[in-house]
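**Q** Predicted structure and sequence below. I'll ask about it afterward.
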Amino acid sequence: MSNQSQVWTYERAIPSDLTLGNQVLEDLLARFEADGWDARQIFGIRLALEEAVVNAIKHGNCLDCNKQVHVICRSTVDKIWIKVSDQGEGFDPEAVPDCTDEEHIDIPSGRGIMLMRNFMSRVEYNDKGNVVEMEKHRDHGS
Amino acid sequence: MAVHRRLQLTEVGDVTVVRFVDRKILDEANIQEMGQELFQLIEEEDRKSLLLNFSSVEFLSSAALGKLITLDKKVKAHGGKLKLSNIRPEIYEVFAITKLNKLFDIKDDEADALASF
């Protein structure tokens, strides 16, 4: 595979529908697999992307199909950059309780952002909290 | 007995061994259904010893983790026992990152888990 084939941009705006969100996810994962990302890294990217898209559709836009979720992904040989935006009110990611604290360990929600931060190289929200940017750097192994 | 679409059940002595139909537990509707079927085992079928065997599961989202946490609460409230087994390394990492490996009793394989009830 030539390196040139790994440089691409994907952009899609979808209504707040989880089935359409899943299609975006599968489209992107097929591209990452074709670009030769290893299974372990794809596992982490899938998890982070799935959390970001589902959060945008479900919690950001509150499943309102009149509101859109915008996904942009740029891929280069060594890096994937993903931006997921919704049209909701936003939220403060720092206000989400740390679910690894003893007192919150049995709370059923709130683990998505923690998993995104762990599996991606960089995760940042805008001030409003309705746009998340994530980067994954390719691990070339030892 | 209730119909289970997302779960496969087998009985080993007093223990109900649960396997998952879906290899990837991430679709919202499937997670809801999976959760209801798991809760039914405790609340309606009054099963006391549950072993969740994850051997077929390749991926699960944080929403699925939420259902497992709620299940754990329900099992404890009913005086039962819940154990997990056969979790592949990348999924175990998800449990470890979120420290849920401390909340759940996780065994390497089904035999270990069955012996520990």
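**A** Everything's here; your move.
**Q** centroid residue for the chain?
**A** Looking at chain A here, since you left the chain open. In chain A, the residue lying closest to the centroid (CA atoms, centre = their mean) is A:L49, at 2.6 Å.
**Q** try again with chain B
**A** Note: chain B centre (CA atoms, centre = their mean) maps to B:L52, 3.7 Å.
**Q** The residue nearest to the centre of chain A contacts A:K83, correct?
**A** No - contact criterion CB atoms under 8 Å: A:L49 and A:K83 do not qualify, at 11.2 Å. Backbone N, C-alpha and C define where each C-beta goes, glycine included.
**Q** Overlap in contacts, these two.
**A** Listed as contacting both A:L49 and A:K83 by CB atoms under 8 Å, 6 or more residues apart in numbering or on different chains are A:M134.
**Q** Any residues of chain A in contact with chain B? List them.
**A** With CB under 8 Å from any CB of the partner chain as the criterion, chain A meets chain B at residues A:18, A:22, A:40, A:43, A:46-47, A:50-51, A:54, A:58, A:99-100, A:105-109, A:111-112, A:114-115, A:118.
**Q** Go again with 10 Å.
**A** A:18-19, A:21-22, A:25, A:39-40, A:42-44, A:46-47, A:50-51, A:54-55, A:57-58, A:63, A:98-102, A:104-119 (CB under 10 Å from any CB of the partner chain).
**Q** Return the subset of the residues you listed lying in strands.
**A** Judged by DSSP state E, the residues of chain A next to chain B include no members of strands.
**Q** how near is the residue nearest to the centre of chain B to B:L60?
**A** 11 Å (CB to CB, to the nearest Å).
**Q** could you give the mean pLDDT of stretch B:110-117?
**A** For stretch B:110-117, the mean per-residue pLDDT is 96.
**Q** Give me the helices and strands touching the helix or strand of chain B with the lowest mean pLDDT, please.
**A** Using mean pLDDT, DSSP states H and E, the weakest-scoring helix or strand in chain B turns out to be strand B:24-25, at a mean of 88. Here strand B:24-25 touches helix B:28-43, strand B:59-60, helix B:62-77, going by 3 or more CB pairs under 10 Å, 6 or more residues apart in numbering or on different chains; DSSP states H and E.
**Q** For A:D78, which of the ones you listed is the nearest?
**A** strand B:59-60 (24.6 Å; CB to CB).
**Q** For the residue lying closest to B:V57 once chain neighbours are set aside, which residues are in contact?
**A** The spatial neighbour of B:V57 that comes closest, neighbours along the chain excluded (CB to CB, 6 or more residues apart in numbering or on different chains), is B:F20 at 5.3 Å. Counting by CB atoms under 10 Å, 6 or more residues apart in numbering or on different chains, B:F20 touches B:6-8, B:30, B:34, B:38, B:52-57, B:60, B:64.
**Q** roughly how far apart are B:F20 and A:I14?
**A** B:F20 is 28 Å from A:I14, by CB to CB.
**Q** Look at the closest residue to B:I97 other than its chain neighbours and say how many residues are nearby.
**A** Spatial nearest neighbour of B:I97, excluding adjacent residues (CB to CB, 6+ apart): A:N118 at 4.8 Å. Other residues lying near A:N118 total 16 when counted by other CB atoms under 10 Å in any protein chain shown.
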